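S.K.: Dropping the sequence and predicted coords here.
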Amino acid sequence: TDSRSAHSKYKVTIHIMASFLLQVGGPIIGSIALEKVWLRGQCPWLYSGSLVPKAYSGVIAVNVVTSSVVVVILGFKVSAARTKYRELAKEKGDVDAEERYSYPKMYAEGFTEEAKQFNCVQRGHQQILETYSQFLALSLVGGLGYPVTSTLGGLLWVYARLKWAEGYATGDPKNRYGHWASRWIWYGLATVLFTSSAVAVDLVIS
């Protein structure tokens, strides 16, 4: 029974992912085609360079450097929240506040409002790390062939991540998608997934 349930959940997850990629694939593939067919001819200087195209600088600046800064900033916010909610818990008489909010605990135990607020801030940062390595790797590969599209995907990702974490930090997990741009984190990730795939295809057929 447990194996059937797990298999069913796996199939649902695959279905959701496939549906999402099909939904966003059209615009992204269109952007890739536009860059390959039109932009290369209109702005050849963007694609000149001895090792990598000059436009790859955008991938480095946005997808690598700026995204890293975002991750660090949100990490600092977790540290500030740890102190803030520990002190609030103490003020409300929580005798275990020091232990509850101190390192090495990642999340605060319990069901108090302070614990929930802190855990939401923590989750807003922690969730990034679950796909950040994939985002970086895909950006670095996809940017070699499609630096402009990959950089645009990076801009989407950076802005959406800030808004996503900002909504989560309200203390209500539903607010993580409260801002209209929050869902762009997945569009940004999908963009570099498609550009990397396009690079792979180009290598095969070249």
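M.R.: In hand now; what should we look at?

S.K.: and the residue lying closest to Tyr177 once chain neighbours are set aside, backbone torsions?
M.R.: Spatially, and ignoring its direct neighbours in sequence, Tyr177 is nearest to Arg183 (6.1 Å; C-beta to C-beta, 6 or more residues apart in numbering). Heads up, the C-betas are built off the backbone N, CA and C, glycines and all. Main-chain dihedrals, Arg183, degrees, to the nearest 10: phi -70, psi -10.

S.K.: wait, doesn't Arg183 sit right on Arg176?
M.R.: No. In this structure, Arg183 is not within contact of Arg176 by C-beta atoms under 8 Å, at 9.7 Å.

S.K.: more crowded one of these two?
M.R.: The neighbour comparison of Arg183 against Arg176 (other C-beta atoms under 10 Å) goes to Arg176, with 22 against 16.

S.K.: pLDDT score assigned to the more buried one?
M.R.: Looking at Arg176, its pLDDT is 95.

S.K.: and it, helix, strand or coil?
M.R.: The three-state label given to Arg176 by DSSP: H, G, I helix; E, B strand; the rest coil is helix.

S.K.: again, but for Ala160
M.R.: helix.

S.K.: Skip the chain neighbours and tell me the closest residue to it.
M.R.: Take Ala160 and drop its neighbours on the chain: the residue closest to it by C-beta to C-beta, 6+ apart is Trp184, 3.4 Å away.

S.K.: How many residues are close by that neighbour?
M.R.: 22.

S.K.: Specify the residue positioned farthest from the middle of this protein.
M.R.: Taking C-alpha atoms, centre = their mean, the residue of the chain most remote from its mean C-alpha position is Gly93, at 37.4 Å.

S.K.: Can you report phi and psi for that residue?
M.R.: Backbone torsions of Gly93, given as degrees, to the nearest 10, read phi 90, psi 20.

S.K.: Could you do Ala169 as well?
M.R.: Dihedral angles (degrees, to the nearest 10) for Ala169: phi -70, psi -10.

S.K.: could you check the distance from the closest residue in space to it that isn't next to it in sequence over to Leu88?
M.R.: Spatially, and ignoring its direct neighbours in sequence, Ala169 is nearest to Val121 (4.8 Å; C-beta to C-beta, 6+ apart). Separation of Val121 from Leu88 (C-beta to C-beta, to the nearest Å): 13 Å.

S.K.: Compare the two (neighbour count), which wins?
M.R.: Val121 (23 against 17).

S.K.: which stretch of helix or strand covers the more buried one?
M.R.: Assigned by DSSP states H and E, Val121 belongs to helix 113-129.

S.K.: got any ranges where this protein has weak pLDDT?
M.R.: Along the chain, the parts satisfying pLDDT under 70 run over 1-7, 9, 17.

S.K.: quick one, helices of it?
M.R.: 2-34, 40-42, 56-58, 67-91, 97-101, 113-129, 132-145, 147-168, 184-205 (DSSP state H).
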